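# got a predicted model here, sequence first, then my questions.
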Amino acid sequence: MEDTRVRQHNDRWNWFWAWANPVKFMAWTGKALPWFIGLTLITLVPGLIWGFFFTPEAEGFGSSVKIIYVHVPSAFMAIQAWGMMVVASLIWLIRRHHVGALAAKGAALVGLTMTVIALITGAIWGEPMWGTYWAWDPRLTSFLILFLFYIGYMALWAAIENPDTAADLTSVLAIVGSVFAFLSRYAVNFWNQGLHQGASLSLDKEENVADVFWQPLVLTLVGFGLLFVVLVLVRARTEVRKRRVHALMTRERMRDA
Amino acid sequence: MIALLIRDLRLTFRAGGGFGLGLAFFLIVTVLVPFGVGPESALLARIAPGILWVGALLACLLSLDRIFQLDFEDGSLDLLATAPVPMEGAVAMKALAHWLTTGLPLTLAAPFFGGLMSLPTAGFLWVFVTLLIGTPALSMIGTFGAALTVGLKRGGLLLSLLVLPLYIPTLLFGAETARRAIMGMEYAQTFAILAGVSAGSIAILPFAAAAAIRINLR
């Protein structure tokens, strides 16, 4: 134990880890949050307006193509959120920074919401394009699996009372889970062969999108990314405050006793 | 570690219920499916490998919460944690005991239950082989799930919620290999990946499960 302390004291990355000190975290996020919110607004709002009203209708798609400006960014963020959760979990397990665990907890619900948005907008888009709301296409299936993983992760958080135990166990689950989620992502490619051609259903979005659609899409992608940062920061701040309230109430009860 | 294995096996046999229950559950699932989808033997033969795999997987799930729960309640898990045997080894032995009392009987029974599903004769062998390779992974993943939820009062439902998504790759490759082999398609690739999933789970998950146990005992 002593050894670890000495090593941590001499770590030349201490200036970086210091940002995760809850007091400092609350201070800098409190100052940075309005800026992030502003940046989100000036990318997301023009991006969506540009995408919805000032892009031509794509050939063969009609105006249904416009859902791409919600569908693709939310799907992108759904995957990024899981990745961020894993990194934050690792930070918690290795460095024992509480903010890491709380950020992972905060990211889970945002990621779950993004997954649901991607699935629903995908279904709405799929109906006019492919004639069905749902098909067991590899991409759709792997998003459904991601959805299940998010639910399991959040259920484990909710089930354990001791916050540190919950943080530890969910971190282990996030790491093991991502290995299996990754496996499932590639497993469904095997499983679906012979049922129907994947390529005819899942158009390769990045490849054949013309610049008129691509530019607003990039703007909305950045906007969704910033929105994710804002939501995670707000949720992590709420969690820190919840811990403080809990500590204060415990102290109060101790005094009464 | 061998003593631990023998102790676990003896406990399972003597406790009663656990051992035969999984098999009975598997049988009931297999019997219920034809009631649900109709007795047409062509249809049953086509879905048989998948149904047998899903049935075996659910039967496996039934006995998972017994792996650590009783030991946790009577304190023997604390003794194990302080024993000279590393927790990783103890966890692996627990998973092996679970496989011997659940996975192996299910594997042996699956070809017979396949007869109920009008599985073609070639399928008997393939359902048996894929289950034989795949069920160790199911036991090991399940042990990890049980290790995560061992401290919880009502862990049963949560356990299935956590474990079932983790079962997806094993189920997918197992059932896919059986289906491809029966239909005479190329199956070496999926079969190799199934074996890889199994071997990888057995190699890595004891460490994750032992970590979870240690956290829960803290």
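Yep, that arrived.
# contacts, neighbours, all on C-alpha from now
Noted.
# residues touching residue 92, list them.
If you meant another chain, say so; for now it's chain A. Applying C-alpha atoms under 8 Å, 6 or more residues apart in numbering or on different chains, one finds that A:Trp92 lies in contact with A:His98, A:Val99, A:Gly100, A:Ala101, A:Ala167, A:Asp168, A:Ser171.
# I was thinking of chain B, sorry if that wasn't clear
Applying C-alpha under 8 Å, 6+ apart, the residues contacting B:Ala92 are B:Met140, B:Ile202, B:Pro206.
# ok, back up a step: so which of the contacts of A:Trp92 is the closest to chain B?
Among the contacts of A:Trp92, A:Asp168 lies closest to chain B (C-alpha to the nearest C-alpha), at 7.0 Å.
# returning to that earlier point: quick check, nearest of the contacts of B:Ala92 to chain A?
In terms of C-alpha to the nearest C-alpha, no member of those lies closer to chain A than B:Pro206, at 11.4 Å.
# quick check: that closest one vs A:Leu183, distance?
Distance, B:Pro206 to A:Leu183, using C-alpha to C-alpha, to the nearest Å: 19 Å.
# what's the spacing between B:Phe13 and B:Met117?
Computed as C-alpha to C-alpha, the B:Phe13 to B:Met117 distance reads 29 Å.
# residues near residue 162, how many?
Using chain A. A total of 9 residues lie near A:Asn162 under the criterion other C-alpha atoms under 10 Å in any protein chain shown.
# meant chain B, my bad for not saying
Other residues near B:Leu162 come to 28 when the count uses other C-alpha under 10 Å.
# a helix runs through it, doesn't it?
Yes: the secondary structure assignment for B:Leu162 places it in a helix, going by DSSP: H, G, I helix; E, B strand; the rest coil.
# up against chain A, what does chain B have?
Within chain B, the positions lying close to chain A (C-alpha under 8 Å from any C-alpha of the partner chain) are B:148, B:152, B:158, B:161-162, B:165-166, B:168-169, B:172-173, B:176, B:190, B:208, B:212, B:215-216.
# element containing A:Ala108, please.
With elements delineated by DSSP states H and E, A:Ala108 resides in helix A:98-130, which encompasses its position.
# just the buried positions in that helix, please.
A:98-119, A:121-126, A:129 (16 or more other C-alpha atoms under 10 Å in any protein chain shown).
# need the residues of chain A near chain B, please.
With the criterion set to C-alpha under 8 Å from any C-alpha, chain A comes near chain B through A:145, A:148-149, A:152-153, A:155-156, A:159-160, A:165, A:168-169, A:172, A:176-177, A:180-181, A:183-184, A:187-188, A:190-191.
# put the alpha carbons of stretch B:11-29 into CSV.
Taking C-alpha atoms only, stretch B:11-29 is exported to CSV below (Å, rounded to 0.1, in the frame of the first residue of the first chain):
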residue,chain,number,x,y,z
LEU,B,11,-23.0,-31.7,-2.5
THR,B,12,-24.8,-31.5,-5.8
PHE,B,13,-25.7,-35.2,-5.8
ARG,B,14,-26.8,-35.3,-2.2
ALA,B,15,-28.7,-32.0,-2.2
GLY,B,16,-31.1,-33.6,-4.7
GLY,B,17,-33.2,-31.6,-7.1
GLY,B,18,-30.4,-29.7,-8.8
PHE,B,19,-29.0,-32.6,-10.8
GLY,B,20,-32.1,-34.0,-12.4
LEU,B,21,-34.0,-30.8,-12.5
GLY,B,22,-32.0,-29.3,-15.3
LEU,B,23,-32.5,-32.4,-17.4
ALA,B,24,-36.2,-32.5,-16.7
PHE,B,25,-36.4,-28.8,-17.6
PHE,B,26,-34.6,-29.5,-20.9
LEU,B,27,-37.0,-32.3,-21.7
ILE,B,28,-40.0,-30.2,-21.0
VAL,B,29,-38.7,-27.4,-23.2
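# I'd like the average pLDDT over that stretch.
Per-residue confidence for stretch B:11-29 averages out to 79 on the pLDDT scale.
# list of residues touching it?
Contacts with stretch B:11-29, where a contact means C-alpha under 8 Å, 6+ apart, come from B:55-56, B:58-60, B:62-63, B:101-102, B:105-106, B:109, B:113.
# can I get those residues in a markdown table including secondary structure, pLDDT and neighbour count?
Output for the contacts of stretch B:11-29, formatted as a markdown table (DSSP: H, G, I helix; E, B strand; the rest coil; pLDDT from 0 to 100; neighbours: other C-alpha atoms under 10 Å in any protein chain shown):
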| residue | secondary structure | pLDDT | neighbour count |
| --- | --- | --- | --- |
| B:Gly55 | helix | 92 | 23 |
| B:Ala56 | helix | 92 | 29 |
| B:Leu58 | helix | 92 | 17 |
| B:Ala59 | helix | 91 | 22 |
| B:Cys60 | helix | 90 | 24 |
| B:Leu62 | helix | 85 | 16 |
| B:Ser63 | coil | 84 | 21 |
| B:Thr101 | helix | 88 | 22 |
| B:Thr102 | helix | 89 | 27 |
| B:Pro105 | helix | 90 | 17 |
| B:Leu106 | helix | 92 | 29 |
| B:Ala109 | helix | 91 | 16 |
| B:Phe113 | helix | 89 | 20 |
